[in-house]
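Enquirer: After the sequence you'll find the predicted model.
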Amino acid sequence: MGILKASLKKQLVLAVALAAATGAPMLWWLLHQQHLPTEAITTAQAFVRDVERRDYTAAFGRTLAGPATGTTPAELQANAQRQLCPPARVEYTAPFQSHGNRLRRWAAGRTLDEPLVRVEFAGSPCLFGITLRRTAKGPWRVVGFASHAG
């Protein structure tokens, strides 16, 4: 009976060691992958759709009114006509945030998301970026947008 327990113990230790050896690289890889702020991206894409449809009231409702966006739907329309080029696809978001960054923030009791995110679009005649800020109540709001050189 003692030999059987020792054999099971060795098998268990071997199984745990094998799981750790194969799981640790996978966990390291996962923690270093980029977290995409999907809510911010969705808000940016909805803002672009509203402007492309010329629904400036709806687009204005997605902003934190200010000089970079406009303080009225009419000002937003004027800014959009100067700055918006038709973006094709989301290219990247900045700043880079990995799943590991979020895990560390969670462990420290801090908010998980960056307070300010830039969503960059590409695939059209010009590059276009939208800057968003998370509000105190939670949703992301557009605080700036502009076409720019690469």
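Expert: Perfect, I can see it now.
Enquirer: Okay, buried residues for stretch 107-119 please.
Expert: Buried residues in stretch 107-119, counted by 16 or more other C-beta atoms under 10 Å: 113-114, 117-119. The way it works is simple: take the backbone N, C-alpha and C, and place the C-beta from them, glycine included.
Enquirer: How many residues are close by A88?
Expert: A88: 12 surrounding residues under other C-beta atoms under 10 Å.
Enquirer: Also Q34?
Expert: Q34 has 12 nearby residues by other C-beta under 10 Å.
Enquirer: Just give me the closest of the buried residues of stretch 107-119 to T22.
Expert: Closest approach between these and T22, by C-beta to C-beta: D113, at 31.6 Å.
Enquirer: A136 and L103, how far apart?
Expert: A136 sits at a distance of 24 Å from L103 (criterion: C-beta to C-beta, to the nearest Å).
Enquirer: err, T43, not the other one
Expert: T43 is 24 Å from L103, by C-beta to C-beta.
Enquirer: likewise P125?
Expert: From P125 across to L103, the span is 40 Å (C-beta to C-beta).
Enquirer: more neighbours, those two?
Expert: For P125 versus L103, neighbours defined as other C-beta under 10 Å are more numerous around L103 (14 against 9).
Enquirer: Report pLDDT for the more buried one.
Expert: Here, the pLDDT recorded for L103 equals 81.
Enquirer: Quick check: phi and psi on it?
Expert: phi -60, psi -40 (degrees, to the nearest 10).
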